[in-house]
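Colleague: here is my input, please return the structure:
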Amino acid sequence: MVRSLWNVSWVCVRVRLNKVPANLLVSFTNHLMKMALVSEFLTKLTLSYGGEREPKCPTVVPAFDFNPEEDAAKIETAIKTKGVDEQTIIDILTKRCCSQRSEIVFEYEKRAKKDLVSALKGALSGSLEHLIVGLMKSTAQYDASEIKSSMKGLGTDEESLNEVLCSRNKEELMEIKKVYREMFKKELEKDISGDTSGDVAKLLLALVQAKREEPSSVVDYEKIDNDARALYDAGVKRKGTDVTTWITIFSERSVPHLQKVFERYKRYSPYDIKESIKKEVKGDLEKSFLTLVECLENKHLYFASRLNDSMKSKSVKEKVVTRIIVSRCEVDLMKIRSEFKRNFGKSLHQTISEHTKGDYQKALLNLCGGDD
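Modeller: Sure, this is the predicted structure:
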């Protein structure tokens with residue numbers, strides 16, 4: 001771009017070269033060059049916009065002055081203590097990032113000659129055990145474990161399966177598939193096919209294939225309109241639902257594109273996209289589509305709503321609370337906290353304090369990272 005603008009400016013200058021003072025000519029040329037550089041910079045900025053990774057907003061960050069040998073020694077003592085010193089275990093492991101916890105594992109096993117995760121399982125119990133053991137995995141390993149757990153035994157925990165598969169981005173899904181293969185010596189797609197069926201299986205498998213397009217700096221209004229109309233034609237407009245078309249659009253288009261499609265959809269349909277889903281499909285497929293749309297519209301609000309629903313009654317759904325807090329504390333829990341406070345009037349920290357107790361509560365609050 002700099003070269004092309006320079007060529008244009010030189011042609012223009014040559015037309016009346018003899019009539020322009022030298023100092024003005026130099027000044028004018030320098031000005032054109034600066035404009036060209038600025039233009040080139042802005043062009044690059046525009047082209048990269050929307051295509052970059054979503055910035056992380058974690059609540060758990062690397063600890064300052066980290067000493068893995070010292071942490072490992074303290075944890076060994078805490079486990080050996082009569083009655084177990086849960087507070088020390090919580091204070092260390094919930095305030096270290098994943099890579100630091102890995103170093104602690106290495107140092108512990110070097111000094112104690114035993115596996116730290118096994119030692120923690122023997123020392124802890126209940127919800128606290130599940131939370132702390134979950135922290136000893138990477139985010140992808142934890143997600144893979146939760147997916148495997150949701151398909152274990154009689155019946156499938158579709159709610160948990162939907163939560164993980166519908167909310168993870170393309171990069172996260174590809175990493176989960178890789179880690180799942182390493183951990184369980186099976187392909188994730190094969191296990192989903194064996195544990196789900198029909199259109200639900202088709203939707204989940206389409207998500208796991210991770211074909212979602214990357215966001216673009218160019219807004220394709222024609223494609224937005226075509227997709228909105230296709231969703232309407234495949235559902236509300238006709239008798240019966242062309243689920244395949246819905247699955248293709250929902251699983252392959254970029255998130256910003258789909259957000260615009262959902263807005264455009266209202267031009268064609270008397271119902272918004274969620275109302276259309278409720279009218280067109282039922283049961284597990286309805287739940288899967290609704291979860292996916294909620295994540296596409298506002299993933300952080302989806303997680304905040306899940307947390308709020310899990311702590312509404314006296315019987316807290318600790319499994320759901322643990323999974324969201326553990327899986328998102330090093331990703332975007334800060335954004336989830338903001339959505340929680342904005343939509344439900346109380347902070348996540350306050351809600352956890354009111355609905356949980358004991359060591360489990362202490363661990364959750366540490367991972368939550370403060371009050372809002």
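
Colleague: got the domain ranges for this structure?
Modeller: 2-41, 139-208 (automatic domain parsing).

Colleague: mean pLDDT lowest where, among these?
Modeller: Mean pLDDT per stretch puts domain 2-41 lowest among those, at a mean of 42.

Colleague: average pLDDT for stretch 274-292?
Modeller: 97.

Colleague: in that stretch, what counts as buried?
Modeller: For stretch 274-292, burial by neighbour count (16 or more other Cβ atoms under 10 Å) applies to 276-277, 280-281, 284-292. Just so you know, the C-beta spots here come from the backbone N, C-alpha and C atoms, and that holds for glycine as well.

Colleague: next one: stretch 88-102
Modeller: 88-96, 98, 100-101.

Colleague: filter these down to the ones in helices?
Modeller: Counting by DSSP state H, the buried residues of stretch 88-102 place 88-93, 98, 100-101 in helices.

Colleague: widest-spaced pair of these?
Modeller: Maximum pairwise distance in these, criterion Cβ to Cβ, is 19.7 Å, between Thr88 and Cys98.

Colleague: in the stretch 101-250 of the chain, which spans are helices?
Modeller: 116-123, 126-135, 139-150, 158-167, 170-184, 188-195, 198-208, 221-234, 243-252 (DSSP state H, counting those that start in this stretch).

Colleague: of these, which approaches Arg323 most closely?
Modeller: Arg323 sits nearest to helix 139-150 of all the helices of the stretch 101-250 of the chain, at 5.7 Å, using Cβ to Cβ.

Colleague: so which other helices or strands are in contact with the closest one?
Modeller: Applying 3 or more Cβ pairs under 8 Å, 6 or more residues apart in numbering; DSSP states H and E, one finds that helix 139-150 contacts helix 158-167, helix 170-184, helix 188-195, helix 318-328.

Colleague: now that helix: how far from the chain's centre is it?
Modeller: 14 Å (Cα atoms, centre = their mean, to the nearest Å).

Colleague: for it, buried residues please.
Modeller: 139-147, 150.

Colleague: now the ones in helices among the buried residues of stretch 88-102 in JSON lines, please, with extra columns for distance to Gln209.
Modeller: Shown next, in JSON lines, are those (distance: Cβ to Cβ, whole Å):
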{"residue": "Thr88", "distance to Gln209": "44"}
{"residue": "Ile89", "distance to Gln209": "40"}
{"residue": "Ile90", "distance to Gln209": "39"}
{"residue": "Asp91", "distance to Gln209": "42"}
{"residue": "Ile92", "distance to Gln209": "39"}
{"residue": "Leu93", "distance to Gln209": "35"}
{"residue": "Cys98", "distance to Gln209": "27"}
{"residue": "Gln100", "distance to Gln209": "34"}
{"residue": "Arg101", "distance to Gln209": "31"}
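
Colleague: of those, closest to Ala228?
Modeller: Cys98 (40.4 Å).

Colleague: for the closest one, which non-adjacent residue is closest in space?
Modeller: Leaving aside its chain neighbours, Cys98 sits nearest to Ser138 (5.5 Å; criterion: Cβ to Cβ, 6 or more residues apart in numbering).

Colleague: tally of neighbours for the one you found?
Modeller: 15 (other Cβ atoms under 10 Å).
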